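Participant: What follows is a predicted protein model with its sequence.
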Amino acid sequence: MSDGYIVVNRYYTDSGTEYAIRRLIEEGQKQSIELEVIKSGAVGYEYYGNGREEMFYLEGCKFAFSKKPPPILFFDKDTKFASAVERHGHRVINQSCAIEICNDKIATYSALSGSKIKTPDTLVSPLIYDVNDGEDMGFLALVEGRLEYPIVVKENVGSQGRQVYLAKDRAELKTLNKKLRHIPHHYQRYYGNSAQCGGDIRVYVVGGKARISVRRTNTADFRGNVCLGATVVKLDDNEAKAYEAVAVKASKRLKLDYCAVDFADYEGEPILLEVNSNAYFESVEKACGANIAREIICLLKKFKKLNTG
């Protein structure tokens with residue numbers, strides 16, 4: 001039986017995922033941890049034996065369901081699959097409930113409400129059923145009245161900056177509103193120094209401790225994603241302290257074992273933008289000398305020991 005599993009999505013992979021898998025296996029071997037990679041499968045509910053039971057459909061692999069099942073590193077967002085294996089006793093890193101909250105930016109803000117963690121000024125688009133065209137100039141007037149141009153427009157669910165847009169004027173705001181009106185989305189105050197230069201502060205938290213903080217800078221785009229051209233440098237330790245304190249607080253509030261917390265790079269004030277439960281770590285390891293993979297393996301060993309000890 002494996003010491004643990006790495007679950008990835010069956011239908012999507014990229015260089016960031018492949019790097020994470022390779023490094024986790026490598027660090028696991030250094031610590032005598034054997035990891036098996038599997039792709040998330042279908043979950044079914046069928047009548048079997050004396051009642052309806054939960055069934056897994058996986059190609060080429062079967063989970064070792066036992067009295068002491070090994071932990072799972074879950075590098076996917078299929079929370080239905082994650083919660084199913086949790087019900088069979090596996091400790092999932094991160095837990096399904098935490099992944100589900102982080103997968104929706106508004107759910108994240110809602111979960112952090114009352115925590116005194118500052119988030120951007122935000123207006124959430126009302127629910128518009130597809131039987132209605134949803135045109136509402138009154139709502140756009142509200143957005144303009146509360147937020148100054150440029151205005152950040154985000155789909156509630158998205159990754160790698162692909163569902164994040166910038167409206168520089170009313171014409172662009174109307175175009176984005178029309179494009180997204182039947183997709184859950186929201187509008188935020190822009191905290192960048194210019195619409196042409198973007199970036200953020202990212203803090204990696206593993207096991208309730210901040211491991212490294214970096215500044216991501218993009219001279220070609222307002223978004224700070226590395227896949228969109230941003231560069232990464234390690235943040236000065238003194239400057240990092242304020243961000244790290246908030247990042248750790250957010251990770252504990254959201255019950256995350258491992259995450260990357262993104263902040264606006266704005267006048268040294270920690271304004272939390274989002275929390276990533278499935279964050280890539282290739283750039284921070286290569287550019288800044290961090291060893292996030294090792295910290296994650298140490299966390300897996302901790303849960304494995306708790307389950308077998």
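Facilitator: All right, it came through fine.

Participant: Secondary structure class of residue 29, three-state.
Facilitator: Secondary structure for residue 29, judged by DSSP: H, G, I helix; E, B strand; the rest coil, is helix.

Participant: Tell me the predicted confidence for it.
Facilitator: pLDDT recorded at residue 29 is 97.

Participant: Could you report the distance from it to residue 294?
Facilitator: 12 Å (C-beta to C-beta, to the nearest Å). C-beta here means a position set from N, CA and C on the backbone, and glycine is covered the same way.

Participant: Name the residue in those two with the higher neighbour count.
Facilitator: residue 294 (19 against 12; other C-beta atoms under 10 Å).

Participant: ok, residues contacting the helix or strand hosting the more buried one?
Facilitator: If you go by DSSP states H and E, residue 294 is part of helix 292-308. Residues outside helix 292-308 that contact it (C-beta atoms under 8 Å, 6 or more residues apart in numbering): 3-4, 20, 23-24, 26-28, 30-31, 33, 68-71, 73, 91, 93, 204, 206-207, 211-212, 257-258, 281, 284-285.

Participant: can you tell me which of those residues are in helices?
Facilitator: 20, 23-24, 26-28, 30, 284-285 (DSSP state H).

Participant: From the residues you listed, list just the buried residues.
Facilitator: Among the ones in helices among the contacts of helix 292-308, those buried by neighbour count (16 or more other C-beta atoms under 10 Å) are 20, 23-24, 27-28, 284-285.

Participant: Redo these as JSON lines? Include distance to residue 197.
Facilitator: Shown next, in JSON lines, are these (distance: C-beta to C-beta, whole Å):
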{"residue": "20", "distance to residue 197": "29"}
{"residue": "23", "distance to residue 197": "31"}
{"residue": "24", "distance to residue 197": "34"}
{"residue": "27", "distance to residue 197": "35"}
{"residue": "28", "distance to residue 197": "39"}
{"residue": "284", "distance to residue 197": "21"}
{"residue": "285", "distance to residue 197": "25"}
